[in-house]
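Colleague: build the 3D model from these lines:
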Amino acid sequence: MISLEKFIAHIENELDDLEPGTLTANVNYRDLESWSSMYALIIIAFVDSEFDVTLTGDDLRNCNTITDLHQLVKNRS
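Modeller: Model prediction:
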C-alpha cells in the first residue's frame, strides 16, 4: 500500500478539476465545494483499478477524512 501522501496525490490527480494541495489527510472530502457523485464514482474506480479493492457508496459515506479512506483501503488490500 502506498503512503497517505501518495494516496492523496493520486486522488487529486484523478479528480481533474481539483487543484493540487486541496486535499489533506484530515479534510472531509465530502465537504469540498466541488464534491459530487461523479467524484465518488471516480474514487471507487480508482481504488478498484489501483489496489484491487472494492468500495461501495456506503464505504465512502462512512469515511469522514482522506485518512479514513486510506485506512479502509489499506485494511482491505
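Colleague: could you list every helix and strand in contact with the lengthiest helix in the chain?
Modeller: Looking across the chain with DSSP state H, the single longest helix is helix 37-51. For helix 37-51, the elements it packs on are helix 4-14, helix 57-62, helix 66-76, judged by 3 or more C-beta pairs under 8 Å, 6 or more residues apart in numbering; DSSP states H and E. Placement of C-beta: from N, CA and C, glycine included.
Colleague: CA-only coordinates of the first one, as CSV, when you get a sec.
Modeller: Read that as helix 4-14. Provided in CSV are the C-alpha atoms of helix 4-14 (Å, rounded to 0.1, in the frame of the first residue of the first chain):
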residue,chain,number,x,y,z
LEU,A,4,-1.0,8.5,2.7
GLU,A,5,0.7,11.4,0.9
LYS,A,6,0.9,9.5,-2.4
PHE,A,7,-2.7,8.3,-2.0
ILE,A,8,-3.8,12.0,-1.7
ALA,A,9,-1.7,13.0,-4.7
HIS,A,10,-3.2,10.2,-6.8
ILE,A,11,-6.8,11.1,-5.8
GLU,A,12,-6.1,14.8,-6.6
ASN,A,13,-4.8,13.7,-10.0
GLU,A,14,-7.9,11.6,-10.7
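Colleague: name the residues that touch it?
Modeller: Helix 4-14 has contacts (C-beta atoms under 8 Å, 6 or more residues apart in numbering) with 2, 18-25, 42-43, 46, 50, 66-67, 69-70, 73.
Colleague: how about stretch 20-34?
Modeller: 4, 8-9, 11-12, 15, 17-18, 35, 39, 60-61, 64-67, 69-70.
Colleague: quick one: it to chain centroid distance?
Modeller: In terms of C-alpha atoms, centre = their mean, to the nearest Å, the centre of stretch 20-34 is set 9 Å apart from its chain centre.
Colleague: for it, buried residues please.
Modeller: For stretch 20-34, burial by neighbour count (16 or more other C-beta atoms under 10 Å) applies to 22-23, 29.
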